[in-house]
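S.K.: could you work out the structure for the sequence below:
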Amino acid sequence: MTDLSSLERLFQTEAPPVVCETEPAFYALWQTQQWNDLPPATAAIVAARQADRLSWVFTAGYQATLRNAFSHLPAGGWAAFAATEDIHDQQAHPGTTLSVERDRVILDGYKSWVAHSKCVDHLIITVNDADGDKRKARGVMVAANIEGVTLTHRQQPAFLADLSQGYAHFDRVELTHEAVFEFEPIRQFGRSEAKFVMLAATSFMLARVASGEPLHDRLLNVAIALLALISESETSRQVYGAVDRLFQSCADAFEHSVDTSIIPEYANDKRLLRMYTKKIQRRAEYAAAETSGSA
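M.R.: Prediction:
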């Protein structure tokens with residue numbers, strides 16, 4: 001059953017956006033508000049409602065996705081899921097590997113995109129199967145400040161530039177065997193990130209549209225549908241495609257009815273609202289083809 005109490009809170013409490021000009025400022029707000037203690041979907045909704053820019057909307061959805069997929073994350077701070085590797089210079093930046101030495105697991109290698117690289121506390125690192133089987137990928141949980149972990153940072157990200165984005169190097173990072181986990185949480189992250197970020201973006205827009213306006217009601221319906229999709233163990237792909245199309249129409253209406261020029265960095269970051277739609281629609285088309293083929 002979908003819990004709508006987090007949406008009901010939008011009508012019951014006043015929570016205007018909080019100006020956070022820097023990532024550390026939004027990190028401090030997150031910690032003060034104890035958003036990690038909320039159910040993930042609720043955290044996405046309430047944190048994005050108070051975000052003053054789209055970088056923090058992404059953060060709200062991203063951190064909620066991580067808490068939803070990786071239930072064994074430590075309680076405090078921010079996490080980052082690092083899966084991307086350097087495909088252009090693998091000799092200089094080889095992907096991550098695990099080896100076993102007695103009672104320890106050793107992590108080595110590089111990842112080429114780490115969100116919140118200047119504020120991150122916990123790293124979730126994927127280790128690919130040597131034979132290329134995606135479903136045999138494993139993950140490890142690593143504290144960002146332990147010996148052998150080096151984080152560096154992009155100087156000027158072109159997109160969501162208020163969010164620090166960097167690189168990770170692991171040099172003989174010693175872990176316990178318990179730090180290693182199998183593919184299922186990784187799969188859950190992949191299938192739910194877009195839904196949580198879209199839910200956060202919907203909350204962000206709801207906070208800027210008057211209650212009772214037709215667009216407000218449409219956005220509320222999108223949020224309800226996204227909560228239902230998040231609760232599924234397997235995504236209803238054609239339904240998801242329809243929800244995405246409604247979300248896109250709401251985003252278009254939002255940009256025509258709200259003065260987005262007063263939202264910091266909106267012109268640079270507005271593609272966050274469209275970032276996932278091609279993938280969602282492609283999967284909806286695959287589902288439709290599979291349905292017609294089996295008829």
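
S.K.: CA only for contacts and neighbour counts going forward, please
M.R.: Noted.

S.K.: what ranges does this protein have for its strands?
M.R.: 79-82, 97-101, 104-115, 122-127, 138-143, 149-153, 165-175, 180-181 (DSSP state E).

S.K.: quick one: buried residues of the second one?
M.R.: By neighbour count on 16 or more other CA atoms under 10 Å, the buried set for strand 97-101 is 97, 98.

S.K.: partners of it, with directions?
M.R.: strand 104-115 (antiparallel) (DSSP bridges).

S.K.: ok and the strand it pairs with relative to strand 138-143, angle-wise?
M.R.: Interaxial angle, strand 104-115 versus strand 138-143 (axes from the mean of the first three to the mean of the last three CA atoms, to 10 degrees): 80 degrees.

S.K.: would you put the C-alpha positions of strand 104-115 in PDB?
M.R.: Only the C-alpha atoms of strand 104-115 are listed here, as PDB (Å, rounded to 0.1, in the frame of the first residue of the first chain):
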ATOM      1  CA  ARG A 104      40.700  -9.100   4.600                       C
ATOM      2  CA  VAL A 105      39.300  -8.000   1.300                       C
ATOM      3  CA  ILE A 106      41.400  -5.500  -0.700                       C
ATOM      4  CA  LEU A 107      39.800  -2.900  -2.900                       C
ATOM      5  CA  ASP A 108      41.900  -1.300  -5.700                       C
ATOM      6  CA  GLY A 109      41.100   0.800  -8.700                       C
ATOM      7  CA  TYR A 110      39.300   4.000  -9.900                       C
ATOM      8  CA  LYS A 111      35.800   5.400 -10.300                       C
ATOM      9  CA  SER A 112      35.300   8.400 -12.500                       C
ATOM     10  CA  TRP A 113      32.100  10.000 -11.000                       C
ATOM     11  CA  VAL A 114      31.400  10.500  -7.400                       C
ATOM     12  CA  ALA A 115      28.500  12.700  -6.300                       C
END
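
S.K.: what mean pLDDT would you report for that strand?
M.R.: Mean per-residue pLDDT for strand 104-115: 97.

S.K.: what residue ranges in the stretch 1-150 of the chain score low on pLDDT?
M.R.: 1-2, 10-11 (pLDDT under 70).

S.K.: quick revisit: any chance of the strands of the chain in a markdown table, plus distance to residue 265?
M.R.: As requested, the strands of the chain are arranged in a markdown table below (distance: least, CA to CA, whole Å):
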| stretch | distance to residue 265 |
| --- | --- |
| strand 79-82 | 23 |
| strand 97-101 | 38 |
| strand 104-115 | 18 |
| strand 122-127 | 27 |
| strand 138-143 | 31 |
| strand 149-153 | 20 |
| strand 165-175 | 16 |
| strand 180-181 | 38 |
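
S.K.: out of the ones you listed, which is closest to residue 240?
M.R.: strand 79-82 (23.7 Å; CA to CA).

S.K.: list the helices and strands that closest one packs on?
M.R.: helix 54-69, strand 104-115, strand 122-127 (3 or more CA pairs under 8 Å, 6 or more residues apart in numbering; DSSP states H and E).

S.K.: and if we set it to 10 Å?
M.R.: Counting contacts by 3 or more CA pairs under 10 Å, 6 or more residues apart in numbering; DSSP states H and E, strand 79-82 packs against helix 54-69, strand 104-115, strand 122-127, strand 138-143.

S.K.: so how far is that strand off the chain centroid?
M.R.: Centroid separation between strand 79-82 and its chain, computed with CA atoms, centre = their mean, to the nearest Å, is 9 Å.

S.K.: what do you get for stretch 26-44?
M.R.: Distance of stretch 26-44 from the chain centroid (CA atoms, centre = their mean) equals 14 Å.

S.K.: surely residue 69 meets residue 193?
M.R.: Yes. Between residue 69 and residue 193 there is a contact under CA atoms under 10 Å: 9.3 Å.

S.K.: looking at the helices and strands packed on strand 79-82, which is buried most?
M.R.: helix 54-69 (a mean of 25; mean count of other CA atoms under 10 Å).
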